[in-house]
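*Asks:* Dropping the sequence and predicted coords here.
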Amino acid sequence: MSDKCVREWCRKFCDGRTDVHDEGGQGRPSLVTDDLVQHIDKVVRERRRFTISELSLEFPQFCRTVLYETVTKKLGYQEFCARWVPKMLTDFHKTQRMVSALTFLQRYHDEGDEFLDKIVTGDETWVKFVNVKTKEQSRQ
């Protein structure tokens, strides 16, 4: 606490204050009412895929920060899916993809439809390969 704040509290206690808790009613009154929260909840339930900027078009009287806090803190929603942004590939990555595609085509030509059952696809950002040894392998 700063010296100014300590002096202010000492003055308040000398004037007869006995409680250390803040008094209610301080600060700017909230613009968010229960009716507004219910209306925002209704809009969110109707349109699950939206951005806060899109929501601010329906509620132009409120800033995006107020809408974001209402959606996340008061209503308890959280963003589940982020927007997909195209990934910028280098020439090396493009070449690797081309080589892999040609390899897959050649194996499909050689092995037929059974080869397609062996392919597992996924995004490299969430697929993690773990080398797990069995108990017998770890003993050796």
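*Replies:* Happy to help now that I have it.
*Asks:* Which residue ranges of the protein form helices?
*Replies:* In the chain, helices defined by DSSP state H lie at 3-14, 34-46, 52-58, 64-69, 91-111, 135-139, listed in chain order.
*Asks:* can you pull the contacts of the residue lying closest to Phe50 once chain neighbours are set aside?
*Replies:* Nearest in space to Phe50, with sequence neighbours left out and distances taken as C-beta to C-beta, 6 or more residues apart in numbering, is Val44 at 7.3 Å. Glycine gets a C-beta too; all of them are placed from N, C-alpha and C. For Val44, the contact set (C-beta atoms under 8 Å, 6 or more residues apart in numbering) comprises Phe50, Leu55, Val71, Leu75, Tyr77.
*Asks:* Could I get the helices of the chain in CSV, plus columns for distance to His21 and mean pLDDT?
*Replies:* Compiled in CSV, those are given as follows (distance: least, C-beta to C-beta, whole Å; pLDDT from 0 to 100):
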stretch, distance to His21, mean pLDDT
helix 3-14, 12, 88
helix 34-46, 25, 85
helix 52-58, 34, 86
helix 64-69, 24, 88
helix 91-111, 60, 88
helix 135-139, 60, 48
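*Asks:* Indicate which one of the ones you listed is closest to Arg28.
*Replies:* Put simply, out of these the one that sits nearest Arg28 is helix 64-69, at 11.9 Å, with distance taken as C-beta to C-beta.
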